[in-house]
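Asks: Fold the following.
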Amino acid sequence: AAAVTNLVGPGAACGVVTAHSGRVWTAEGRNIYISDQLKVDTFSPGAKQTLDGMEWYGKVKALVPLARNFLLVMCERGCYTISGSDPGNQSGVPNLHIKAFVDVGCPSTRAIVKIRDEVYFLGVENGVFGLYMTDGGDTIKLSGNLQDDLDRVTAASASEAVAVQLDSHVLWGLPVDGAATVGLMILMHRDMRGRPFATWSFADAPRCFTRDPFDGSVFFGYQATADVGKYDSAIYNDNGVAIDSDIITGSVGTGPIPSILRN
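Replies: Below is the predicted model:
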């Protein structure tokens, strides 16, 4: 790393990035920039794809690789799929095919969780928020029975929403009731029949999450303190200190509690 002094970028201030098919894909506005094959530090002239024809979808918010060499392009008011990976700047034979996929937008780049080939995200359709799942073929709204809660989402601050995979579940944090920061937590039991939800509110909810892809550890930061917390499904010990609430994310029987989020 010390010897690398001159990385060549796409020449635009991109806020979205992913790795897909041996290339780096970045996006700014409605432009997608694609690195050379197996050269993550080289963006050749012409290796750009502009999303034309469906301007109503707005700016790119996230790029998510799917199976079968598909890339899901999530925009403010809808999603595209891109098949193929060669823009043709090297081979001279481009094979990129863009297709408008679904009229469900993505308000937050951080409220997306991919588990295998399923993408779970906070979506918005005609101004109405919902929790969705897509696999690039079908898109399903999962949260119909939570609509009263999701109608509370602060539209102006929806970009602050966050999500993380928590064991086999998906946890969202949403700003609600006019607040600019996260206050409502929604947990989806992905591995249970019907994928039921649990909801609860915190005065000081986690504002950001990150997950170690190797051992599954989840870390979260609070919005009003300098603390960083770690989620540990194997530990349950109050240590004699009063806490606000215990959220049990699995069935409780005679055996150990499988998953607990403590505040």
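Asks: C-alpha only now, for contacts and for neighbours.
Replies: OK.
Asks: helices and strands of the protein: which one has the lowest mean pLDDT?
Replies: Lowest on mean pLDDT, DSSP states H and E among the helices and strands of the chain sits strand 260-262, with a mean of 40.
Asks: quick one: low-confidence parts of the stretch 1-150 of the chain?
Replies: 1-8, 89-90 (pLDDT under 70).
Asks: residue boundaries of the strands in it?
Replies: Counting by DSSP state E, counting those that start in this stretch, the stretch 1-150 of the chain has strands at residues 16-20, 23-28, 31-34, 48-50, 60-66, 70-75, 79-83, 97-102, 112-115, 118-125, 128-134, 139-141.
Asks: buried residues in the last one?
Replies: Right, strand 139-141. 139, 141 (16 or more other CA atoms under 10 Å).
Asks: List the neighbouring strands of it plus their orientation.
Replies: strand 128-134 (antiparallel) (DSSP bridges).
Asks: same thing with the fourth one?
Replies: The pairing partners recorded for strand 48-50 under DSSP bridges are strand 31-34 (antiparallel).
Asks: now the first one
Replies: Sheet pairing of strand 16-20 (DSSP bridges) gives strand 23-28 (antiparallel).
Asks: For the partner strand, what is the distance to the chain centroid?
Replies: 16 Å (CA atoms, centre = their mean, to the nearest Å).
Asks: same check, this time on stretch 152-161
Replies: On CA atoms, centre = their mean, the centre of stretch 152-161 falls 15 Å from that of its chain.
Asks: Please work out the average pLDDT along it.
Replies: Averaging pLDDT along stretch 152-161 gives 95.
Asks: I'd like to know how many residues surround the closest residue to Cys75 other than its chain neighbours.
Replies: Nearest non-adjacent residue to Cys75, counting by CA to CA, 6 or more residues apart in numbering: Val60, 4.2 Å away. Neighbour count of Val60, defined by other CA atoms under 10 Å: 27.
Asks: Val60 against Trp25, yeah?
Replies: No. Val60 sits out of contact with Trp25 when judged by CA atoms under 8 Å, with a separation of 11.8 Å.
Asks: The spatially closest residue to Ala13 that is not a sequence neighbour: how many residues sit nearby?
Replies: Nearest in space to Ala13, with sequence neighbours left out and distances taken as CA to CA, 6+ apart, is Glu28 at 6.7 Å. Residues near Glu28, counting by other CA under 10 Å, number 17.
Asks: List the contacts of Glu28.
Replies: 12-16, 59-60 (CA atoms under 8 Å, 6 or more residues apart in numbering).
Asks: list the buried ones in stretch 47-55?
Replies: Quick answer for stretch 47-55 (16+ other CA under 10 Å): 47-48, 51.
Asks: TSV for those, including distance to Ala155?
Replies: Output for the buried residues of stretch 47-55, formatted as TSV (distance: CA to CA, whole Å):
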residue	distance to Ala155
Ala47	35
Lys48	31
Leu51	25
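Asks: Which single one of the residues you listed is nearest to Pro196?
Replies: Leu51 (36.3 Å; CA to CA).
Asks: My guess is that closest one contacts Arg30. True?
Replies: Yes. Leu51 is within contact range of Arg30, at 5.5 Å (criterion: CA under 8 Å).
Asks: I'd say Asp151 and Gly127 touch.
Replies: No. Using CA under 8 Å, Asp151 makes no contact with Gly127, being 9.7 Å away.
Asks: I appreciate the help and will end here.
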